[in-house]
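K.L.:
Provided below for reference: sequence and predicted model.
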Amino acid sequence: MEIEEGMGRKIVLSIVAVVLFIVSFVFVGMTYNVDGALTSTGGLALLGTLVGFILLMGALGVYFASRD
């Protein structure tokens, strides 16, 4: 099965974005963990990570659309 030209780049960038998202969630969870619970600051950090991921995926979508 052959991959279209440029599809490999899209796949790699998308995987990198998802891995960055997962690593960010784990980092925030480990940093803001107090007695097995997440602090309120940690909750805001998780929310910020989620919003950042959504913006990153949107930016990647715009980038990919402009390259086609």
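P.N.:
Nice, thanks for sending it over.
K.L.:
list the contacts for the residue positioned nearest the centre of the chain?
P.N.:
With distances taken as C-alpha atoms, centre = their mean, the residue of the chain nearest its centroid is residue 21 (3.1 Å). By C-beta atoms under 8 Å, 6 or more residues apart in numbering, the contact list for residue 21 reads 49, 53, 56. For every residue, glycine as well, the C-beta is placed using N, CA and C.
K.L.:
per-residue confidence at the second one?
P.N.:
Same thing as residue 53. In this model, residue 53 is scored at 96, pLDDT.
K.L.:
in which helix or strand would I find it?
P.N.:
Element membership for residue 53, per DSSP states H and E: helix 40-67.
K.L.:
Ok, residue 14 next?
P.N.:
For residue 14, the element it lies in under DSSP H and E is helix 7-31.
K.L.:
so what strands line up beside the helix or strand following that helix?
P.N.:
Once helix 7-31 ends, the next helix or strand along the chain (criterion: DSSP H and E) is strand 33-34. In the sheet, strand 33-34 lines up against strand 37-38 (antiparallel) (DSSP bridges).
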